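Trainee: next comes the sequence, and after it the predicted model I'd like to discuss.
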Amino acid sequence: MSAMSRRALNLPAPNRSTWATIRSLLPYLWPRGDRNAHARVLLAALCLVLAKVATVYIPLVYSRAVDALSPAHNPATVPLALILGYGLLRVASAAFGELRDAVFAAVQQRTTRHVALDTFRHMHGLSLRFHLDRQTGGVSRAIERGVAGIQQVLRLAVFNLLPTLFEVVLVTGTIWYLFDWRYAAVTFGAVASYIGFTVVFTTWRVKYRRLMNEVDSEANTKALDSLLNYETVKYFGNEAHEAARYDNALARYETAAVRTQVTLNMLNIGQAFIIAAGLAIIMLMAARGVVDGSMTVGKFVLVNTYLMQLYQPLNFLGFVYSSIKQGVVDMEQMFRLLTVDQEVADAPGAETLPPRTPGQTVGAVSFENVRFGYRPDREILHGVSFSVPPGTKLAIVGPTGAGKSTISRLLFRFYDVTGGRVLVDGRDIRDITQESLRAAIGVVPQDTVLFNDTIRYNIAYGRVGATQADVEHAARQAQVHDFVLRLPDGYDTIVGERGLKLSGGEKQRVAIARTILKDPRILILDEATSALDTRTEVDIGTALRNAAANRTSIVIAHRLSTVVDADEIIVLSDGRVAERGTHAALLAAGGVYAGMWQLQAEENEAESRGEPFGPAPHPIPADPLRV
């Protein structure tokens, strides 16, 4: 795997061996304690054995029928028993093969489902850092190929490879018993040469399949990223540039695909030569036996039939082994995703945060000398401390890059602090299960993203299983109910990809409604109105006040006019608390906050007069990178 692809998927660098990948799959095939699965695997194995035993007996009965009908035996009657036995054996061979497939189908599908589900859950269990570093198209493509690879490996290994190898052993032993060791040696030598050549050649070809997977992931990622940023592409007129980037990846895929096909043709030629050579040698030995009288015509037909019957599945062995190797390669990335460690995990013995009961005062939040950096060499927060009593409102203001949004991410435990601690209701959040902590916190972000589903689904997402009455009640509090009723499809209106069919204000109201429905004890408003115009911001103000009622709320804001009613305001500057107090107290102090207020007041006044507001010195040194 190339370094670029590893960075795209954020996976460990070394390739997994084939056996390591197979070992990862085995626990799903033989799940501990699942007797039904165990019984199905054993029954499928029994059907496989019975099918191949019947297959091996078919040429034997056929050869005896030929001898019974040969002129040397002066046949007077039709060998009815042999012919009926021949027919029954063919039916048994096919029937047991189909029963094997039918019994194992449930095991195959269950294995695929459980691996895919475990991978999906693991992706949701990984930290925000992983999901910010990875590329969605590459990860989704790796999972998609991995699921298909599991189905391919199980289908071909169980239904083709293992039966063929078992049949090789049975046929070789039977030929040795019926003829002599020379026939068995030639048969085994031809088969071993065929298998050895196939394995070596196919292993050499795997690098081209890996390259195809890498370039396929790259092309898929580029296409997905470009389509998700459709408007940006249009704004800058870069359709040709995007097409060129995509075509470059497709051209590399084309080259790798052609190499894969050409090497496959070379493999098939080599296999055909080995089969033809082995068959010719055996037939020559058998023909000499017929001539010197040591073999009957039936025996000649028998050895020929055995080899033809054996070489028929061997003809597909190259394809089967190549497909299995390709399936294993496709599974590699998915199983490697499962090896990515969870950066943020529940501590052993982590406790559950008790649910809020009616009338209970909960939701206290404390940051005690918190230090944190996204990278070890760049600390964002330098000993930040503050407390929010239950049911009160704290506002956090400051310039871009001061660390405001980082505080909300630490409280939600997307990351763990590197120093100090964060408390909720007196408990260190590292000692609380992530599930119960996040159930107690509601977030209305600046950039609201909705699912491409109905408005009802997006609001009800705040509490899965909520009734229509609950959804409408939350929508009324968020002041979006009347708007929804005016739509032709009402609550069944599809909002589009990422909610792009709705305006910014409408999306925010839906986001507020689902947060109200969640009914958290702590509410975080992370610049929830900064992307809206002033009029829409005022309209949404009531909805936000409804959402914050009787809850602890932390408001991260750029516009100071939205936080004047906060119980306390802290001003962050370069990752430190520069000032704290109420709106009136901070204005009276004439410090940093007062300067910011004056600057925004002048900006608003200039906008009201329709005059451009030129650049002015920022009152607080800003970090060049937004956090």
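Mentor: Here it is on my side, so go on. None of the values given here were measured: they were computed from a predicted structure.
Trainee: hey, let's count contacts and neighbours off CA atoms from now on
Mentor: Fine.
Trainee: local confidence estimate at Leu132?
Mentor: You'll see Leu132 listed with a pLDDT of 65.
Trainee: and Val115, how many neighbours?
Mentor: Val115 has 21 neighbouring residues, counting by other CA atoms under 10 Å.
Trainee: assign a three-state SS to it, would you?
Mentor: The three-state label given to Val115 by DSSP: H, G, I helix; E, B strand; the rest coil is helix.
Trainee: from what I see, it and Tyr28 are in contact.
Mentor: Yes - assessed by CA atoms under 8 Å, Val115 is found in contact with Tyr28 at 7.3 Å.
Trainee: can you tell me the SS state at Ile570?
Mentor: Here Ile570 is recorded as strand under three-state DSSP.
Trainee: so what sits opposite it in the bridge?
Mentor: On the basis of DSSP bridges, Ile570 is bridged to Ile396, Arg580.
Trainee: so what's it up against?
Mentor: Residues near Ile570 by CA atoms under 8 Å, 6 or more residues apart in numbering: 394-397, 577-581.
Trainee: how is the chain divided into domains?
Mentor: Domains of the chain are assigned by automatic domain parsing as 16-337, 446-519.
Trainee: and the longest one, how far from the chain's centre?
Mentor: The one in question is domain 16-337. Chain-centre distance of domain 16-337: 26 Å, with CA atoms, centre = their mean, to the nearest Å.
Trainee: re earlier: name the member of the contacts of Ile570 with the most neighbours.
Mentor: Neighbour max across the contacts of Ile570 (other CA under 10 Å) = Ala395, 28 neighbours.
Trainee: what is the subsequent helix or strand relative to the lengthiest helix in the chain?
Mentor: Looking across the chain with DSSP state H, the single longest helix is helix 239-291. Using DSSP states H and E, the helix or strand that follows helix 239-291 in sequence is helix 297-315.
Trainee: that following helix packs against which elements?
Mentor: Applying 3 or more CA pairs under 8 Å, 6 or more residues apart in numbering; DSSP states H and E, one finds that helix 297-315 contacts helix 35-69, helix 162-178, helix 239-291.
Trainee: swap in 6 Å and give it another go.
Mentor: On a contact count with 3 or more CA pairs under 6 Å, 6 or more residues apart in numbering; DSSP states H and E, helix 297-315 meets helix 35-69.
Trainee: buried residues, the helix it packs on. List them.
Mentor: 37-38, 40-41, 43-45, 47-69 (16 or more other CA atoms under 10 Å).
Trainee: cool, stretch 324-341 as well?
Mentor: Neighbour counts over stretch 324-341 (16+ other CA under 10 Å) mark 324-338 as buried.
Trainee: need phi/psi at the nearest residue to Gly373 once chain neighbours are set aside.
Mentor: Nearest residue to Gly373, sequence neighbours excluded (CA to CA, 6 or more residues apart in numbering): Glu379, at 4.0 Å. Dihedral angles phi and psi of Glu379 (degrees, to the nearest 10) take the values phi -80, psi 130.
Trainee: same question for Gly465.
Mentor: phi 100, psi 0.
Trainee: rewinding a little: so which of the domains of the chain is nearest Pro354?
Mentor: Pro354 sits nearest to domain 446-519 of all these, at 14.1 Å, using CA to CA.
Trainee: run the chain-centre distance for the closest one.
Mentor: 27 Å.
Trainee: part of a helix, is Phe335?
Mentor: Yes - judged by three-state DSSP, Phe335 forms part of a helix.
Trainee: and the domains of the chain, which one averages the lowest pLDDT?
Mentor: Among the domains of the chain, domain 16-337 scores lowest, at a mean of 81.
Trainee: pLDDT below threshold where in the stretch 501-627 of the chain?
Mentor: Counting by pLDDT under 70, the stretch 501-627 of the chain contains low-confidence ranges at 529-540, 542-543, 604, 606-627.
Trainee: and Asp341, what element?
Mentor: Short version: Asp341 belongs to no helix or strand, going by DSSP H and E.
Trainee: for it, report the pLDDT, please.
Mentor: Predicted confidence (pLDDT) for Asp341: 77.
Trainee: find the nearest non-adjacent residue to it, please.
Mentor: Leu126 (7.4 Å).
Trainee: tell me, how many residues neighbour the one you found?
Mentor: Other residues near Leu126 come to 18 when the count uses other CA under 10 Å.
Trainee: buried ones in whatever helix or strand Asp482 lives in?
Mentor: Following DSSP H and E, one finds Asp482 within helix 481-486. Buried positions in helix 481-486, judged by neighbour count with 16+ other CA under 10 Å: 481, 484.
Trainee: equivalent analysis for stretch 558-566, please.
Mentor: Applying 16+ other CA under 10 Å to stretch 558-566 flags 558-560, 562-563, 566 as buried.
Trainee: contact partners of it?
Mentor: With contact meaning CA atoms under 6 Å, 6 or more residues apart in numbering, stretch 558-566 is reached by 393-394, 583.
Trainee: for it, C-alpha coordinates in CSV please.
Mentor: Extracted C-alpha coordinates of stretch 558-566, given in CSV (Å, rounded to 0.1, in the frame of the first residue of the first chain):
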residue,chain,number,x,y,z
HIS,A,558,-18.5,35.7,18.0
ARG,A,559,-21.2,38.4,18.1
LEU,A,560,-21.2,39.8,21.6
SER,A,561,-24.8,41.0,21.3
THR,A,562,-25.9,37.4,21.7
VAL,A,563,-24.3,36.9,25.1
VAL,A,564,-25.2,40.1,27.1
ASP,A,565,-27.7,38.1,29.2
ALA,A,566,-25.1,35.5,30.3
